[in-house]
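Trainee: Sequence isn't available, so here's the structure alone:
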């Protein structure tokens with residue numbers, strides 16, 4: 001009988017405990033919810049720095065059963081300054097969980113060589129959250145530098161000519177450029193840095209196909225270490241003898257035209273200076289007409305008798321012509337001279 005009494009007492013006790021536990025659970029489930037006094041702070045803050053882009057992002061704050069938009073405010077400070085509200089860009093009481101302060105690099109808000117810290121808090125009506133702090137950064141120390149833009153590669157006379165644009169405009173700092181190139185399926189080589197945006201690669205094997213990538217290097221005046229950028233897309237181009245031969249033909253043609261022009265000008269100038277000599281060379285001296293020369297050689301020609309016979313008939317309408325003959329000695333000398341000339 002005693003064991004049964006003990007067992008019955010233990011069972012009754014367990015029932016009482018179970019009833020009390022259920023009553024407590026029901027009491028807690030029906031108790032009124034405590035009012036929310038603060039919002040949770042924004043989480044997962046991350047800063048995106050690419051070229052000149054500066055963007056702060058974070059995860060939206062959960063609001064459970066509350067209604068209404070959650071607004072966010074961002075503040076900044078330098079290493080030894082107090083927190084300040086952003087005035088260069090609008091990042092105060094904004095609905096998006098993002099603050100793009102890229103435009104601030106053109107003003108005095110965020111100099112690229114300053115150490116900057118950012119913090120964010122959420123607000124919903126009269127409720128707000130604690131400040132969430134982002135890691136400090138310095139733009140040109142922590143930014144990702146993109147590749148050069150608009151890379152164009154051409155082949156000229158066995159060389160590769162590379163033209164491109166800088167990733168962005170920056171003053172007073174300057175860019176240098178490095179070329180990574182290799183023969184197809186060959187070992188990579190590096191040339192540079194070059195300050196120019198037009199680079200020529202020489203001493204290449206012909207014929208062959210070469211591939212290359214261009215990399216920018218920023219030299220900030222306030223930093224000891226340069227900032228190396230990303231590589232551009234791979235550009236491949238084949239170099240052949242045809243391109244080199246065509247270039248040589250063009251150069252020879254141009255050189256021949258210039259030589260011809262100089263020869264023509266030289267001949268013209270020489271002709272102007274030697275005009276008298278040329279005329280004397282190409283023009284024969286004046287001589288005696290053949291008829292008169294023949295008469296002088298043979299003065300007793302019958303033509304004189306014919307002229308004398310016909311003179312009487314033509315006296316009325318013609319003018320007489322008298323021929324004065326020289327002495328025999330003079331005629332003989334003249335005849336001899338004419339004979340010598342001939």
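Mentor: Nice, I can see it. Computed from a predicted structure; not experimentally measured. Numbers count the residues shown, from 1 in each chain.

Trainee: Buried by neighbour count: which residues of stretch 185-200 qualify?
Mentor: Residues 194, 199 are the ones in stretch 185-200 that count as buried (16 or more other Cβ atoms under 10 Å). From N, CA and C alone the C-beta is placed, and that goes for glycine too.

Trainee: List of residues touching that stretch?
Mentor: For stretch 185-200, the surrounding residues in contact (Cβ atoms under 8 Å, 6 or more residues apart in numbering) are 148, 159-166, 174-182, 201, 214, 217.

Trainee: From these, which land in strands?
Mentor: Here DSSP state E is the test, and the contacts of stretch 185-200 give 159-165, 174-182, 201, 214, 217 as lying in strands.

Trainee: coming back round to it: of the contacts of stretch 185-200, just the buried ones, ChimeraX syntax please.
Mentor: Selecting only the buried entries of these in ChimeraX, with 16+ other Cβ under 10 Å as the criterion:
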select :148,159,160,162,164,166,175,176,177,178,179,180,181,182,201,214,217
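
Trainee: Sketch out the low-pLDDT regions of the stretch 1-150 of the chain for me.
Mentor: Within the stretch 1-150 of the chain, the ranges that satisfy pLDDT under 70 run 1-36, 105-108.

Trainee: if you set the cut-off to 90 instead, what comes out?
Mentor: Across the stretch 1-150 of the chain, the ranges flagged by pLDDT under 90 are 1-39, 62-69, 78-81, 84-89, 101-115, 125-126, 139-141.

Trainee: Going along the chain, name the strands of it.
Mentor: Assigned by DSSP state E, counting those that start in this stretch, the strands in the stretch 1-150 of the chain fall at 43-50, 53-59, 71-78, 84-85, 98-100, 116-124, 127-128, 132-133, 149-156.

Trainee: How is the chain partitioned into domains?
Mentor: Listed by automatic domain parsing, the domain ranges of the chain are 43-141, 145-239, 245-282, 290-341.

Trainee: any chance of the ones you listed in TSV, plus distance to residue 37?
Mentor: Output for the domains of the chain, formatted as TSV (distance: least, Cβ to Cβ, whole Å):
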stretch	distance to residue 37
domain 43-141	7
domain 145-239	46
domain 245-282	80
domain 290-341	141
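
Trainee: Skipping adjacent residues, who's closest to residue 96 in space?
Mentor: Sequence neighbours aside, residue 72 is the residue nearest to residue 96 in space, at 7.7 Å (criterion: Cβ to Cβ, 6 or more residues apart in numbering).

Trainee: Redo the strands of the stretch 1-150 of the chain as a markdown table? Include distance to residue 208 and mean neighbour count.
Mentor: Putting these into a markdown table (distance: least, Cβ to Cβ, whole Å; neighbours: other Cβ atoms under 10 Å) gives the following:
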| stretch | distance to residue 208 | mean neighbour count |
| --- | --- | --- |
| strand 43-50 | 36 | 14 |
| strand 53-59 | 39 | 18 |
| strand 71-78 | 54 | 19 |
| strand 84-85 | 59 | 10 |
| strand 98-100 | 47 | 17 |
| strand 116-124 | 50 | 20 |
| strand 127-128 | 67 | 16 |
| strand 132-133 | 56 | 16 |
| strand 149-156 | 11 | 14 |
